[in-house]
Every structure is written in structure tokens, then in C-alpha cells.
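> just coords:
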């Protein structure tokens with residue numbers, strides 16, 4: 001049975017997020033939902049999977065809180081659950097910038113929808129910045145976008161201090177996977193004195209969903225934070241897997257590298273493979289293969305009983 005995957009976020013004051021955690025966890029468990037929901041005093045951020053009816057019920061439940069009434073989830077389809085369990089966590093921030101004074105609920109940049117994005121980023125007066133991490137950018141980004149080479153979003157303020165100037169960069173456009181990071185980044189830039197700050201509403205996922213491939217300025221695939229790993233235009237499943245040693249996305253060309261050993265190392269992490277780490281990874285790979293074999297046995301047994 002096909003499952004629905006829903007991603008959503010909203011920056012909004014939730015001083016009662018601890019109480020909300022208990023309510024949301026209980027309701028999601030009733031609906032047999034899997035995935036992760038983060039709660040903080042600054043808002044909510046989640047990616048969940050379940051039946052179409054269950055996902056609809058959870059979104060409706062969240063919207064019964066008037067502060068979340070305009071929540072706009074983005075949905076896609078998966079043949080199996082991208083998540084193994086349900087987690088509802090309390091965090092200091094729903095996306096970590098390390099600047100608690102930044103409040104996108106009060107001020108943020110100008111939203112640009114997917115249909116208008118191409119016109120904005122082809123304007124030579126606009127600097128276009130990818131606010132995602134380096135490993136995400138490596139598999140796909142927009143044409144002529146600047147890669148800040150971030151190891152984590154927490155490094156974005158340092159990048160701004162070293163490379164951007166409000167007097168020189170008078171028009172800045174930013175984007176990220178679903179919109180949450182660039183929304184916070186745009187609020188930060190405005191605080192730093194930048195005048196015209198834009199961000200892609202709904203993020204790359206909304207763009208890939210709405211803009212036809214023949215009109216698209218997107219190049220490559222988009223990394224997503226679940227077991228789909230990457231998606232393409234129309235949110236179709238991409239061609240990447242995850243290196244189980246370092247977590248970097250890898251494709252067939254990467255696996256052709258002499259440095260690739262399944263479950264042990266890839267070309268991005270082979271130079272950190274100590275004898276101790278190799279031993280740990282070999283044991284993890286053995287356990288992974290055993291679990292795969294057990295799942296196949298259960299699956300075949302279920303088919304045989306039908």
C-alpha cells in the first residue's frame with residue numbers, strides 16, 4: 001500500500017511546546033504515524049509518513065491549534081515507510097542557526113513562489129545563495145547559485161560575515177529544501193542590514209513539484225532527509241543511496257570508485273578509515289545484511305500465505 005509522506009513547518013510562538021509534545025505524540029501513535037516532529041518555543045518542524053487518511057487526520061489535529069491553522073504541508077508518495085519509528089522531540093530551535101534572537105515569526109524576507117523564481121534568479125543584480133549543507137549541494141542546485149560550503153547551517157552567520165556585504169549585495173535570493181532554513185536565514189540577513197532579501201516559498205521541493213522539467217533551472221537531484229535520499233522533478237525517486245559509514249549521498253558512479261566498499265567506506269570517507277573503524281563498520285554491515293535477509297524471509301512468507 002502506498003504511503004503519504006508529509007513535510008511541514010511554521011515559525012510561531014509555542015511557549016507550551018512541552019505540553020504540545022505529549023498531545024501530538026499520543027495522537028500520532030493512535031494514527032500509526034512514523035517520522036519526526038520537532039517542537040520548540042519558536043515553532044514546529046516535521047516529516048511524517050502514514051496512510052493518506054492518517055496523515056490527513058494528523059494535519060487536521062495540528063490545525064485545531066489556532067496558531068497552526070494555516071499550516072501548509074507538502075506531500076509525496078512512498079511505496080514503503082521512509083521511517084522506522086515515531087519521534088516527537090523538544091529542541092531549542094526547530095532549525096539550528098545558533099542565533100536565538102532571530103525570530104522569523106516577526107520578520108522575514110520576501111516570499112517568491114516557484115512560478116516566479118526563475119525570473120528572480122536570472123536577474124544579474126541578484127546574488128543567489130544555496131543555504132544547505134555541502135553534501136546536499138553536491139548532488140544538485142540551481143544554475144549559478146553560490147555554494148557557501150557549509151558543514152552545518154550553524155555556520156551560515158560566519159559565511160555572511162566573511163563573504164556578504166549589505167552595501168555590495170543589495171539583492172539576495174536564498175533557497176533550501178523545504179523553505180525553513182532560508183526563511184530563518186532571510187530573517188538573519190535583514191537583522192544584519194541587508195535591504196532586499198528573497199527566499200523560495202516552499203523550497204526546492206515545491207519548485208520541483210510545480211515547475212516542468214523543460215522550464216526548470218534546477219540541475220541534478222534534491223537530497224531529502226528520509227530513506228528516499230533524493231528526489232527529481234515531479235518529486236520522483238532519485239538515484240542516490242547513503243554511505244552507511246559517513247552518511248554522504250552516493251550514486252552508481254560513486255560506487256564504481258576503487259575506494260567504495262558497501263557499508264564500509266566510500267570515496268568521501270575512505271581516508272578516515274582506521275583499522276578500528278573498519279572493524280566496527282564490518283560488524284555493522286554484517287548485522288545489516290542479516291536484517292535484510294530476515295526481512296526478505298518474512299516478506300516471502302507473507303506472500304506465500306496469501
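Now that the structure is in, tell me what you want to look at. Because the structure is predicted, anything quoted here is derived from the model rather than measured.
> quick one, grab the pLDDT at residue 304.
Looking at residue 304, its pLDDT reads 59.
> what ranges do the strands span in the stretch 201-306 of the chain?
According to DSSP state E, counting those that start in this stretch, the stretch 201-306 of the chain carries its strands in the segments 218-220, 222-223, 230-231, 241-242, 249-250.
> just checking: what are the partner strands of the last one?
Just to be clear, that refers to strand 249-250. strand 241-242 (antiparallel) (DSSP bridges).
> hmm, who's touching the strand it pairs with?
Strand 241-242 is contacted by residues 229, 248-251, 255 when judged by Cβ atoms under 8 Å, 6 or more residues apart in numbering. Heads up, the C-betas are built off the backbone N, CA and C, glycines and all.
> would you reformat these as JSON lines and include neighbour count, pLDDT and distance to residue 92?
Supplementary listing: the contacts of strand 241-242 in JSON lines, determined by neighbours: other Cβ atoms under 10 Å; pLDDT from 0 to 100; distance: Cβ to Cβ, whole Å:
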{"residue": "229", "neighbour count": "20", "pLDDT": "89", "distance to residue 92": "28"}
{"residue": "248", "neighbour count": "18", "pLDDT": "93", "distance to residue 92": "27"}
{"residue": "249", "neighbour count": "23", "pLDDT": "95", "distance to residue 92": "28"}
{"residue": "250", "neighbour count": "21", "pLDDT": "95", "distance to residue 92": "32"}
{"residue": "251", "neighbour count": "15", "pLDDT": "94", "distance to residue 92": "35"}
{"residue": "255", "neighbour count": "14", "pLDDT": "95", "distance to residue 92": "38"}
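> if we can go back for a sec, dump the strands of the stretch 201-306 of the chain to JSON lines, plus distance to residue 19.
Formatted as JSON lines, those follow (distance: least, Cβ to Cβ, whole Å):
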{"stretch": "strand 218-220", "distance to residue 19": "40"}
{"stretch": "strand 222-223", "distance to residue 19": "34"}
{"stretch": "strand 230-231", "distance to residue 19": "35"}
{"stretch": "strand 241-242", "distance to residue 19": "35"}
{"stretch": "strand 249-250", "distance to residue 19": "37"}
